[in-house]
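# Structure of the sequence below:
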Amino acid sequence: MTSNMHAQHAAVRPLRSLRRSRAVVAGAALLGLALTLTACGETDPSPSRAAVSTASDGTEFNQADIDFATRMIPHHAQAVEMVVMAQGRDLSSPVATLMEDIRTAQVPEIETMADWLITWGEPVPETSLDHANAENGHMSDMDGMDGMEGMMSAAEMDELDASSDADFEALWLTMMEQHHAGAIAMAESEVEDGHNPEAVGLAEAIITAQTSEIAIMKDLQ
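You can find the predicted model right below:
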């Protein structure tokens, strides 16, 4: 079990340099960005979210797509951080499997959403998986994270990290269920308001996967 969790920890290390390695191309993407505003066919209470832009590679997106990726990246990162916290702990097999499934799904999704933001000429948010932030605090301490659906507070993350092996698993399941519920709420907003087909498709996949995982967590509790 310990070797598996060490492997998980190693898998997130490339993300710490994700923004640095991809920031080089961000300027070029921004220079090539062609903004094309289109009229919404229906009355929309949030026209700024509905207005469609076209990136230099031809992909179309709107503000809802940007908001989805910008918020879901740190949200996913905190979930991965919670998996890494389990490193070296005595876990039941079903919980260990669930953790591996979450890590396996969400690490590539973080990378995908970061690529979208760079292509769209938008900044990639800092996350708890970045080297500096991992040393200086939890994701919840960072600007703009307050009030995000399902995000654990710094105090809650400290409580989880400090919990005994006997208490960790039950606390982790309770917190991750809440975390997933927040991700589903954000994904539902993207399905309703988003324009980019890939972003909407990812949101739909998140709803399906995390709804299933919540059912598993309820059973395990």
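
# so Phe61 sits in a strand?
Yes. Counting by DSSP: H, G, I helix; E, B strand; the rest coil, Phe61 falls inside a strand.

# That one contacts Ser53, doesn't it?
Yes. Here Phe61 reaches Ser53: they are 5.9 Å apart, a contact under Cβ atoms under 8 Å. C-betas here are computed from N, CA, C, even on glycine.

# Please name the nearest non-neighbouring residue to Thr127.
Closest residue in space to Thr127, ignoring its immediate chain neighbours: Ala77 at 3.5 Å, by Cβ to Cβ, 6 or more residues apart in numbering.

# any idea how far the one you found lies from Gly58?
Using Cβ to Cβ, to the nearest Å, we find Ala77 at a distance of 29 Å from Gly58.

# Would you check how far apart Ala185 and Asp219 are?
Distance, Ala185 to Asp219, by Cβ to Cβ: 22 Å.

# Among the two, which residue is more densely surrounded?
Between Ala185 and Asp219, counting by other Cβ atoms under 10 Å, Ala185 is the more crowded of the two (13 against 9).

# can you tell me the helix or strand for that one?
Using DSSP states H and E, Ala185 sits in helix 165-193.

# Check which element follows that helix along the chain.
helix 197-220.

# for the record, mean pLDDT for that next one?
Average pLDDT, helix 197-220: 98.

# got the contact list for it?
Helix 197-220 is contacted by residues 59, 61, 65, 68-69, 72, 92, 94-95, 98, 101-102, 105, 109, 112-113, 116, 173, 176-177, 180-181, 183-184, 186-188, 190-191, 194 when judged by Cβ atoms under 8 Å, 6 or more residues apart in numbering.

# Centroid-nearest residue for this structure?
The centre of the chain sits closest to His76, judged by Cα atoms, centre = their mean, with a distance of 2.5 Å.

# Distance-wise, check it relative to Leu202.
Distance of His76 to Leu202, computed by Cβ to Cβ: 11 Å.

# next one: Ala181
Distance, Ala181 to Leu202, by Cβ to Cβ: 18 Å.

# before we move on, what about Gly182?
Per Cβ to Cβ, Gly182 is found 16 Å from Leu202.

# returning to what we had before: next, show the common contact partners of Phe61 and Ser53.
Applying Cβ under 8 Å, 6+ apart, one finds that Phe61 and Ser53 are jointly contacted by Trp120.

# Would you mind telling me which of those two has the busier surroundings?
Remark: of Phe61 and Ser53, Phe61 carries more neighbours, 24 against 21, as counted by other Cβ under 10 Å.

# Could you report the neighbour count for the closest residue to the more buried one other than its chain neighbours?
The shortest distance from Phe61 to any non-neighbouring residue, by Cβ to Cβ, 6+ apart, is to Asn196 (4.3 Å). Neighbours of Asn196 under the rule other Cβ under 10 Å: 24.

# contacting residues for Asn196?
The neighbours of Asn196, taking Cβ under 8 Å, 6+ apart as the test, are 59-62, 65, 116.
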